[in-house]
Each structure stands twice: as C-alpha cells, then as structure tokens.
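Asks: Have a look at this prediction, sequence included:
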Amino acid sequence: MHTALCKPSVKAFRPDRTSSRVSALNPPSEGEAAMLKAVLMEKFDKFDAKLDARFDKLDAKFDAKFDKLDGKLDNLATDVQQLKLGVEVLKVDIKWRSQFYFLIALVAIPLLSTLLPLLLKALPQ
C-alpha cells in the first residue's frame, strides 16, 4: 500500500477547536454567543481579505490586458492615419499626373496637327 495514503492528515487534528451544539431549544449562553460571533467575524474577515486579494489580482490582470489592448488600438489608429495620408498623397499624385498628361495632350495634338503636314512636305519624295 502506498505510504501517502497511510499518513494521517495534518488538518485532522486541531486541539484549539471547541464545538458546541446550538439550537432553538438549546440557545447559547451570552459567553458562547460572543465567542461564536468573534469566531464568525474572524472567519468572515479572513474570507473578506482573501476575496479582496483575489479581486485586486484580477483587477491588476484586467488593467494589464486593457492597457495592452489600448496600446494595440493606438498602433492601429496610427497605421490607419498613415494609410489615409498615403491614399491622399496617391490621389494628389494621380490627379497631378492626369492633369499633366491632359496638358501634354492639349499642347501636343494641335502642335502635331500643324507640324506633321509641314514635316511631310519637307521630306524629299
């Protein structure tokens, strides 16, 4: 048999504990009631402290996750702003190019229409 199963539990022996039965027919004395109230308040305070510690730990964890998410959102907003700026630059570049090509077409077509016949006449036949 495994030795760990044969060892007595450490929690099984608690000599400082007192037990008393309390019922409606057998109400506790004032001393027992005060002692019971003190024990219950002590247990409640310990439980409350444990809950506060766990709550603080969860709160810190939540704050860390929230800060991390907030940083990611800030980075995303920066990326979106850079994309918007890039799109605006591209729009201006495309608009400038289209205007440039339109201007070249406005100048080149009349120029070619007048120069081409002159060039053809100047060529030896």
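Replies: Thanks, I have the structure now.

Asks: Tell me the predicted confidence for Ala105.
Replies: Turning to Ala105, the model gives it a pLDDT of 84.

Asks: From the structure, what's the count of residues near Ile109?
Replies: Ile109: 10 surrounding residues under other CB atoms under 10 Å. (Glycine included, C-beta is placed from N, CA and C.)

Asks: Look at it and give its secondary structure.
Replies: Going by DSSP: H, G, I helix; E, B strand; the rest coil, the secondary structure assigned to Ile109 is helix.

Asks: and the gap between it and Phe102?
Replies: Distance from Ile109 to Phe102, counting by CB to CB, to the nearest Å: 11 Å.

Asks: same thing with Leu111?
Replies: Distance of Leu111 to Phe102, given as CB to CB: 15 Å.

Asks: ok, now Lys95?
Replies: Taking CB to CB, one finds Lys95 at 11 Å from Phe102.

Asks: same question, Val39
Replies: With CB to CB as the criterion, Val39 and Phe102 are 93 Å apart.

Asks: Check which helix or strand Pro117 maps to.
Replies: Assigned by DSSP states H and E, Pro117 falls within helix 30-122.

Asks: pLDDT at the residue minimising distance to the centre of the chain, what is it?
Replies: A centroid search over the chain (CA atoms, centre = their mean) returns Leu69, at 2.5 Å, as the residue closest to the centre. Looking at Leu69, its pLDDT is 95.

Asks: ok, now Val80?
Replies: 91.

Asks: where's it relative to Val87, distance?
Replies: Distance, Val80 to Val87, using CB to CB: 10 Å.
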